[in-house]
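Trainee: Just a sequence and a predicted model for now, questions to come.
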Amino acid sequence: MSEPFLQIEDLLVARGGNLVLEVEKLEVPAGRVTVVFGENGAGKTTLLLAAAGLLDLRGGEVKLFGQPFHQGRAPAPKSQRQKTAFVFQDPYLFRRSVLKNLTYGLKIRGVSKDQRRERAEAVMQQLKISELAGRPANDLSGGERKLVALGRSLVLDSQVLFLDEVTASLDDSAREHVLDLIASQASERGKSILMATHLEGIAERLKVNAVHLKAGRIAG
Amino acid sequence: MIWEGLKEGFVLLFSFDPEVWGPIRVSVTVALTSTVIASVLALPFGLLVGLGRFRGRRAVVGLLNTLMALPTVLVGLVVYAFITRRGPLGSLELLYTQTAMVIGQVILAFPIIAGFCAAAVERADPRVQQTMLGLGAGRLRAGWVVAAENRPALATAVAAGFGRVFAEVGIAMMLGGNIHGYTRNITTGIAFETGKGEFALGVALGVVLLVVALAVNLLVGAWQYRGSREA
């Protein structure tokens, strides 16, 4: 196994006083895609949010590339979070055009206007959504919103990608295209990707490792 | 009597009678100044209370809710105690000035604007903040974007503050003193003119009060409609 980009130890996450996630030890290899698989309510989203430093931890620690990243209250430090990008299961798009949504994260990171546009256009081409650039984000369909949210994360060119049910709401051809794109992000660009899905067969399709979650615990 | 008063009131209003337009100018100037100052202070405070996670937050929310119903005469009384000649700020000679009215009205509007703002961002879509943090923003910037994405609700908060100070009479009377041509505003003018039996003048000022309230509501309503169409 290659060096882990993510190390989780004794992780405890509670919601409303109930323990919803308990992970004793998890190491996720760098430069590859790892799939977190489980049924609805198994704790996949919670695991991704906790690992990304976006959720309060009741206990335990998350390390990113061997460095302390997150423990206790969220969010994790900004400088560390900027090494990562997150695509949410039900993404929120800002009340702006698709192009502005795509470039907003780059603006936060201080990237120049010209570069923002250049990188956004490249990602839109990769995702085959260039024709959406000027559309208001709130006019998009569920699948289009998902693609824009994915593009908004890809454009950041972060070392780490957390993808939560990124292929949900996509039609078959878009799903295949997105899965190929995700695989290439790891194989060609060395990105470390943790991807949650409830769909069986995604790990086999991508030929990658899978972590099976069941009732908030790792089952295999 | 009401009909006669209305007719005469409209004549006074549209003949640009200085007895009517003087108090209108004072009301608009003082209320706008108070609302701007209160908004600058109260909106960031409301964001902090609505989005922050600190010990005693619930108590602060409860206090803001209580202070929303602050009686204007009580605010007038407290500020009066500070700025009266023998008060700790007496040397500033603020009593019976428009500045004194602004101070009192800022105190009145602050909890309303902060309370509405806190409630709005607390109920805002939690995905906005999470998305911002996920994109690598700091908490301050994330809070700013939550506010920006909820502009219509914040406009309502500011409008509620403006409505309260524009229509209040206790602070204007106690701290402004209803001085003709200087601190007499619409509400103190209505009370004074009606007391003198100048019913038409009182009605004319009352009509303006209603028209301004309606205009502010329409403006905020239009903004909210635009916001909901964008959503």
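Mentor: Cool, got the structure. Numbering: from 1, shown residues only, chains lettered A, B, ... in the order given.

Trainee: contacting residues around residue 106?
Mentor: Here I'm looking at chain A. For A:Leu106, the contact set (CB atoms under 8 Å, 6 or more residues apart in numbering or on different chains) comprises A:115-116, A:119-120, A:155-156. (Each C-beta comes from the backbone N, C-alpha and C, glycine too.)

Trainee: think we crossed wires, I meant chain B
Mentor: Shown in contact with B:Val106 (CB under 8 Å, 6+ apart): B:34, B:37-38, B:41.

Trainee: try 10 Å this time
Mentor: With contacts defined as CB atoms under 10 Å, 6 or more residues apart in numbering or on different chains, B:Val106 is in contact with B:33-42, B:75, B:79, B:113, B:161, B:165, B:171.

Trainee: Can I have the buried ones of the contacts of A:Leu106 as a ChimeraX selection?
Mentor: A single ChimeraX command selects the buried members of the contacts of A:Leu106 (16 or more other CB atoms under 10 Å in any protein chain shown):
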select /A:116,119,120,155,156
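
Trainee: can you tell me how far the closest residue to A:Gln71 other than its chain neighbours sits from B:Pro23?
Mentor: Excluding its sequence neighbours, the residue lying closest to A:Gln71 (CB to CB, 6 or more residues apart in numbering or on different chains) is A:Glu61, at 4.5 Å. Distance, A:Glu61 to B:Pro23, using CB to CB, to the nearest Å: 66 Å.

Trainee: Looking at those two now, which is surrounded by more residues?
Mentor: Each of A:Glu61 and B:Pro23 has its neighbours counted (other CB atoms under 10 Å in any protein chain shown); B:Pro23 has more, 28 against 15.

Trainee: For the more buried one, what is the enclosing helix or strand?
Mentor: Taking DSSP states H and E as the definition, B:Pro23 sits inside helix B:18-51.

Trainee: tally of neighbours for B:Val126?
Mentor: Just so we're on the same page, residue B:126 is Pro rather than Val. Neighbour number of B:Pro126 under other CB under 10 Å is 11.

Trainee: if I look at it, how far off is B:Glu8?
Mentor: Going from B:Pro126 to B:Glu8 by CB to CB gives 56 Å.

Trainee: likewise B:Gly52?
Mentor: According to CB to CB, B:Gly52 and B:Glu8 sit 54 Å apart.

Trainee: same check, this time on B:Asn150
Mentor: B:Asn150 is 45 Å from B:Glu8, where distance means CB to CB.

Trainee: Over to B:Arg53?
Mentor: According to CB to CB, B:Arg53 and B:Glu8 sit 58 Å apart.

Trainee: neighbour count winner among the two?
Mentor: B:Glu8 (16 against 9).

Trainee: Enumerate every residue touching that one.
Mentor: Taking CB under 10 Å, 6+ apart, we find B:Glu8 in contact with B:198-201, B:203-204.

Trainee: which of the residues you listed count as buried?
Mentor: Using 16+ other CB under 10 Å as the threshold, B:198-201, B:203-204 are the buried ones among the contacts of B:Glu8.

Trainee: pLDDT weak spots in the chain?
Mentor: Using chain A. Chain A contains residues with pLDDT under 70 at A:1, A:220.

Trainee: Let me rephrase: I mean chain B.
Mentor: If you take pLDDT under 70 as the line, chain B has these spans: B:1, B:227-231.

Trainee: and it, which residues reach chain A?
Mentor: B:53, B:125-142, B:145, B:148-149, B:151, B:227, B:229-231 (CB under 10 Å from any CB of the partner chain).

Trainee: Only whichever of the residues you listed are buried, select them in ChimeraX.
Mentor: Filtering the residues of chain B next to chain A down to the buried ones (16+ other CB under 10 Å) takes a single ChimeraX command:
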select /B:127,128,129,130,131,132,133,134,135,136,137,138,139,142,145,149,151,227
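
Trainee: I'd like to know which of the residues of chain B next to chain A are part of helices.
Mentor: Those of the residues of chain B next to chain A mapping onto helices are B:126-134, B:139-142, B:145, B:148-149, B:151, B:227, B:229-230, per DSSP state H.

Trainee: Next, work out how far apart the nearest residue in space to B:Leu12 that is not next to it in sequence and chain A are.
Mentor: Leaving aside its chain neighbours, B:Leu12 sits nearest to B:Ala204 (4.5 Å; criterion: CB to CB, 6+ apart). B:Ala204 sits at a distance of 42 Å from chain A (criterion: CB to the nearest CB, to the nearest Å).

Trainee: which residues touch B:Ala204?
Mentor: By CB under 10 Å, 6+ apart, the contact set of B:Ala204 is B:5-6, B:8-15, B:17, B:19-21, B:23-24, B:186, B:189-190, B:193, B:198.

Trainee: Give me the buried subset of these.
Mentor: With burial judged by 16+ other CB under 10 Å, the buried subset of the contacts of B:Ala204 is B:5-6, B:8-9, B:12-13, B:19-21, B:23-24, B:186, B:189-190, B:193, B:198.

Trainee: Identify the residues contacting the nearest residue to B:Leu32 once chain neighbours are set aside.
Mentor: For B:Leu32, ignoring the flanking residues on the chain, the nearest one in space by CB to CB, 6+ apart is B:Phe162 at 7.6 Å. Taking CB under 10 Å, 6+ apart, we find B:Phe162 in contact with B:31-32, B:34-36, B:38-39, B:105, B:109, B:112-113, B:212-213, B:216, B:220.

Trainee: three-state assignment of the spatially closest residue to B:Thr97 that is not a sequence neighbour?
Mentor: Closest residue in space to B:Thr97, ignoring its immediate chain neighbours: B:Thr183 at 6.9 Å, by CB to CB, 6+ apart. The three-state label for B:Thr183, taken from DSSP: H, G, I helix; E, B strand; the rest coil, comes out as coil.

Trainee: My read is that B:Thr183 contacts B:Val30, right?
Mentor: Yes - using CB atoms under 10 Å, B:Thr183 is in contact with B:Val30, at 8.3 Å.

Trainee: which neighbours do the two share?
Mentor: B:98-101, B:172, B:176.

Trainee: those strands in chain A, which residues are they?
Mentor: Per DSSP state E, chain A carries strands over the ranges A:4-15, A:18-29, A:33-37, A:59-64, A:67-70, A:84-87, A:160-164, A:192-197, A:209-214, A:217-218.

Trainee: Distance from the chain centre to the helix or strand that contains B:Leu12, please.
Mentor: Using DSSP H and E, B:Leu12 sits within helix B:2-14. For helix B:2-14, the separation from the chain centroid amounts to 27 Å (computed by CA atoms, centre = their mean, to the nearest Å).

Trainee: tell me the contacts of the residue lying closest to A:Ala196 once chain neighbours are set aside?
Mentor: In this structure, A:Ala196 finds its nearest non-sequential neighbour in A:Lys44, 3.8 Å apart by CB to CB, 6+ apart. A:Lys44 is in contact with A:21, A:35-38, A:89, A:164-165, A:194-198, A:211, A:213, A:216, counting by CB under 10 Å, 6+ apart.

Trainee: tell me the two of those residues that are most distant?
Mentor: The largest separation in those, counting by CB to CB, is between A:Met195 and A:Gly216 at 18.7 Å.

Trainee: So the two - more neighbours on which side?
Mentor: Counted by other CB under 10 Å, A:Met195 and A:Gly216 do not tie: A:Met195 has more neighbours, with 27 against 20.
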